[in-house]
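Chemist: Need the 3D shape of this:
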Amino acid sequence: MRLKRLTLEAFRNYADLELNLDAPITALVGPNAQGKTNLLESIAFLALGKSFRATKSIETLQWDRPHGRIKGLVEDQGKEIELEVFLQRSPESKKVKLGSKVVTPKNYLGNLRVVLFTPDQLDLISGSPGQRRQFLDRLLMQLNAGYVESFSQYQKILDHRNALLKKIGLGRTDPWELDLWDARLVEEAEKVWQKRHAFMDFLRARLTKDYQRIAEGSDELNLHYETHQADFDQRLIAHRDLDLRTGSTSVGPHRDDFTLMLNGKPLKETGSRGECRSAVLALKRAELEYIHEKTGEKPLLLLDDVFSELDEARQAALGELLQEYQTIITTTSTEHVKSLRNAKIYRVGKGALEAI
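Modeler: Modelled structure (predicted):
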């Protein structure tokens, strides 16, 4: 899988841009606030159908423009396909297209697969459970249309259940309705958990190997997956009084979390910053390899100014990884990328690119 061309119209600070991605590694170099991350965001947006930075998609559209788009020409197994995200200000809308045809997210996702590595992902270890769930969901939605459907249905049913809990708490409806929605919630939750567990099993099988390769030591990295899957239907009943008091559902896939364990101890409690960085690199390597194993195609690797967060040894480990995947990387210094093989370097300034 390869992104061959990127076209932007009225996206962030890019009024009009066409970029041919004809090198294995594309490096974007320049000071902060010039548009480097905007380019990475546009590629991730093209792949995922949403921004990893903006709360609302419309925030990425230039304020004085009625519409804009992100287009990409993707080559996958010898075939080319054009992807497009179209944004409109009024009435506010977002459409995703394959070729010229508007499609659903279920049919769109997976046509361009990316692995994103940003500085805030170095907080995957000690950050919020939501960050770790996002890590899981962002990966799995690119691999399986069924996961997209099940996750979407689960969220819709969850929202309805939470609204129902509030109505019951106010005496506006009968509690027996919860039984109907709980049954549907259990059905979709099991589908979500099935895909999550498959990836967790993959991680357990290779995290230690990947970690030792990066950290150059003998420490063992594993994980503990915290889930409410066992007897989920009974858990919903057991937590019903609590849920009625709070007006929200306290158990389910939306509460899942995982803890990385180094030599049997929680990394977020005992790990040094260097150990945490090595663990995140191991997670990213596993993410790349899982996509490759499941699809037979290598995903696109997006790196946003992470070299400055890593020491020399981990920079070398990351540099080794770059040689295996098409990579788009941003950095503030050419020192971080000048030694990379097969790299095309652009200087970015005020939304314009210049090859150097």
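
Chemist: for the most centrally placed residue in the chain, helix, strand, or coil?
Modeler: The centre of the chain sits closest to Arg138, judged by CA atoms, centre = their mean, with a distance of 3.6 Å. For Arg138, the secondary structure call by DSSP: H, G, I helix; E, B strand; the rest coil comes out as helix.

Chemist: pLDDT at the closest residue to it other than its chain neighbours, what is it?
Modeler: Nearest non-adjacent residue to Arg138, counting by CB to CB, 6 or more residues apart in numbering: Leu48, 6.6 Å away. Any C-beta I mention is one placed from the backbone N, CA and C, and that applies to glycine too. With respect to pLDDT, Leu48 scores 96.

Chemist: Burial check on Leu48, number of neighbours?
Modeler: 21 (other CB atoms under 10 Å).

Chemist: where do the helices sit along the stretch 201-350 of the chain?
Modeler: Assigned by DSSP state H, counting those that start in this stretch, the stretch 201-350 of the chain shows helices spanning 232-238, 240-246, 267-270, 273-295, 312-322.

Chemist: what's the helix or strand hosting Asn107 in contact with?
Modeler: In this assignment (DSSP states H and E), Asn107 forms part of helix 105-108. Here helix 105-108 makes contact (CB atoms under 8 Å, 6 or more residues apart in numbering) with Gly49, Leu83, Val96, Lys97, Leu98, Ala145, Val148, Glu149, Ser152.

Chemist: tally of neighbours for the last one?
Modeler: Same thing as Ser152. A count of neighbours around Ser152, defined by other CB under 10 Å, yields 15.

Chemist: mind checking the SS state of it?
Modeler: Classification of Ser152 using three-state DSSP returns helix.

Chemist: roughly how far apart are it and Asn32?
Modeler: The gap separating Ser152 from Asn32 is 36 Å, by CB to CB, to the nearest Å.

Chemist: Please apply the same query to the third one.
Modeler: When distance is defined by CB to CB, Val96 is 30 Å away from Asn32.

Chemist: These two: who's more crowded?
Modeler: Val96 (23 against 9).

Chemist: and the residue lying closest to the more buried one once chain neighbours are set aside, what pLDDT?
Modeler: Counting by CB to CB, 6+ apart, Tyr108 is the residue found nearest to Val96 once chain neighbours are left out, at 4.3 Å. pLDDT recorded at Tyr108 is 95.

Chemist: Report how many residues lie close to Tyr108.
Modeler: Tyr108 sits with 23 neighbouring residues when counted by other CB under 10 Å.

Chemist: Isn't Thr270 up against Gly264?
Modeler: No. Thr270 is beyond contact range of Gly264, at 9.9 Å (criterion: CB atoms under 8 Å).

Chemist: Pull up the gap between the spatially most distant residue from the centre of the chain and Glu177, please.
Modeler: The outermost residue of the chain relative to its centre, with distances by CA atoms, centre = their mean, is Gly171 at 40.3 Å. Separation of Gly171 from Glu177 (CB to CB) stands at 13 Å.

Chemist: what's the helix or strand for Lys156?
Modeler: Per DSSP H and E: helix 145-169 holds Lys156.

Chemist: Buried residues, that helix. List them.
Modeler: Residues of helix 145-169 classed as buried by neighbour count (16 or more other CB atoms under 10 Å): 147-148, 150-151, 153-154, 157-158, 161-162, 164-165, 168.

Chemist: quick check, Lys4 in a helix?
Modeler: No. Applying three-state DSSP, one finds Lys4 to be strand, outside a helix.

Chemist: my read: it touches Val74, true?
Modeler: Yes. Lys4 lies in contact with Val74 (CB under 8 Å); the separation is 7.0 Å.

Chemist: Quick one: residues contacting Thr249.
Modeler: Applying CB under 8 Å, 6+ apart, we find Thr249 in contact with Leu158, Arg161, Asn162, Leu165, Leu185, Leu236, His239, Asp243.

Chemist: if we can go back for a sec, how close does the residue farthest from the centre of the chain sit to Glu269?
Modeler: Separation of Gly171 from Glu269 (CB to CB): 44 Å.

Chemist: do Leu262 as well
Modeler: For Leu262, the distance to Glu269 - CB to CB - is 10 Å.

Chemist: more neighbours, those two?
Modeler: Counting neighbours by other CB under 10 Å for Leu262 and for Glu269 shows that Leu262 has the greater number, 24 against 10.
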